[in-house]
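**Q** build the 3D model from these lines:
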Amino acid sequence: MDVKALVCLLLVSLVTSEVAEDSCSRQLNNSQNITVLAPAGAKGEQGATGQQGLKGDLGDVGPRGAPGKLGPAGLKGEKGRRGEPGPYGERGPPGGSPPAPPVVAFSVARTANVDRTSSHTLVTYDVVITNVGGAFNKGTGKFVAGVGGIYFFTFTGKTEWKAKVTYKAHLMKNEEIVVSLHENNGDLIQHNSGSNSAVLQLHVGDEVWVRLDGDGRTLAGTGSSHPGSRFLTFSGFLIHAD
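**A** Numbers count the residues shown, from 1 in each chain. The predicted model follows:
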């Protein structure tokens, strides 16, 4: 029997409890197998990593999670390039005729004198030559705008056939003087005629008329040599409606 077998045999005689994992084994006489307890040796070095195994089968899809919170807005991107013009659309049907613009025009005359008076006198006219639109009122002698817009007005005056006679007449708008006429015969026996005109911006309801001043003496509407003549006139028309 060699020395190692003898040591194992002696250790067997000292151990009467159950066999531990750490042991040494020696076969004697081809029939005896003796297990001997011995202290664990030092921990060996870690072995090399083995080869990666084959990829497993794809698992089932898990349930959908709750939506996350909305993240902050990103930075504004750069302005893109302008696209190419699209094709022309089909031509539409012809439109209807535009509404005709309003027509306002009047022309009136007076065939009698406007006699001297101590107060201002609104001049009326007994002959209506034209009154398209009906804006001139023959009874009052006033033009009343039924359409707002730009208007043209003109009026005339004439002195009597006498010396030292005069008159002052005015084109009026809503009690305000717009333009005026003034004639004076001086020491001569004669007629003097004059006219004046203005372009006015009128609103609906504005009034325009001719006024003779109280200190302006008489307007001559006719003459002895020309009975029925129409020397005193008042006219106007709409240039452009608002």
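
**Q** quick one: the strands in this protein?
**A** Counting by DSSP state E, the chain forms strands over residues 23-28, 32-37, 105-110, 121-122, 127-132, 136-137, 142-144, 149-158, 166-173, 176-184, 193-202, 207-212, 232-241, given from the N-terminal end onward.

**Q** residue 63: which of the ones you listed is closest?
**A** Ranking those by proximity to residue 63 (CB to CB) places strand 23-28 first, at 53.1 Å. Heads up, the C-betas are built off the backbone N, CA and C, glycines and all.

**Q** in CSV, list the strands of the chain along with mean neighbour count.
**A** Formatted as CSV, the entries for the strands of the chain read as follows, by neighbours: other CB atoms under 10 Å:
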stretch, mean neighbour count
strand 23-28, 12
strand 32-37, 14
strand 105-110, 20
strand 121-122, 16
strand 127-132, 13
strand 136-137, 20
strand 142-144, 20
strand 149-158, 21
strand 166-173, 22
strand 176-184, 15
strand 193-202, 15
strand 207-212, 22
strand 232-241, 19
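
**Q** for residue 87, which of those strands is the nearest?
**A** Minimum separation from residue 87 across these (CB to CB) falls at strand 232-241, 39.9 Å.

**Q** what's the closest one packed up against?
**A** When contacts are defined as 3 or more CB pairs under 8 Å, 6 or more residues apart in numbering; DSSP states H and E, strand 232-241 packs onto strand 105-110, strand 149-158, strand 207-212.

**Q** 10 Å - rerun?
**A** In terms of contacts (3 or more CB pairs under 10 Å, 6 or more residues apart in numbering; DSSP states H and E), strand 232-241 is packed against strand 105-110, strand 127-132, strand 136-137, strand 142-144, strand 149-158, strand 166-173, strand 193-202, strand 207-212.

**Q** who wins for proximity to residue 93 among those?
**A** Using CB to CB as the criterion, the shortest distance between residue 93 and those is 31.9 Å, found for strand 149-158.

**Q** neighbours of residue 87, just the number please.
**A** 6 (other CB atoms under 10 Å).

**Q** residue contacts, it?
**A** By CB atoms under 10 Å, 6 or more residues apart in numbering, the contact set of residue 87 is empty.

**Q** how far away is it from residue 193?
**A** 69 Å (CB to CB, to the nearest Å).

**Q** and residue 100, by the same measure?
**A** When CB to CB is the yardstick, residue 100 and residue 193 sit 37 Å from each other.

**Q** pLDDT-wise, which helix or strand of this protein ranks last?
**A** In the chain, the helix or strand scored least confidently by mean pLDDT, DSSP states H and E is strand 23-28, which has a mean of 46.

**Q** tell me which of the strands of the chain lies nearest to residue 45.
**A** Among the strands of the chain, strand 23-28 sits nearest to residue 45 (CB to CB), with 22.2 Å.

**Q** out of the helices and strands packed on strand 232-241, which gets nearest to residue 241?
**A** Closest of those to residue 241 is strand 149-158, at 4.0 Å (criterion: CB to CB).

**Q** list the helices and strands the closest one packs on?
**A** Using 3+ CB pairs under 10 Å, 6+ apart as the contact criterion, the secondary-structure elements in contact with strand 149-158 are strand 105-110, strand 166-173, strand 176-184, strand 193-202, strand 207-212, strand 232-241.

**Q** these: which one's closest to residue 49?
**A** Closest to residue 49 of those, according to CB to CB: strand 232-241, at 98.9 Å.

**Q** that'll do, ta.
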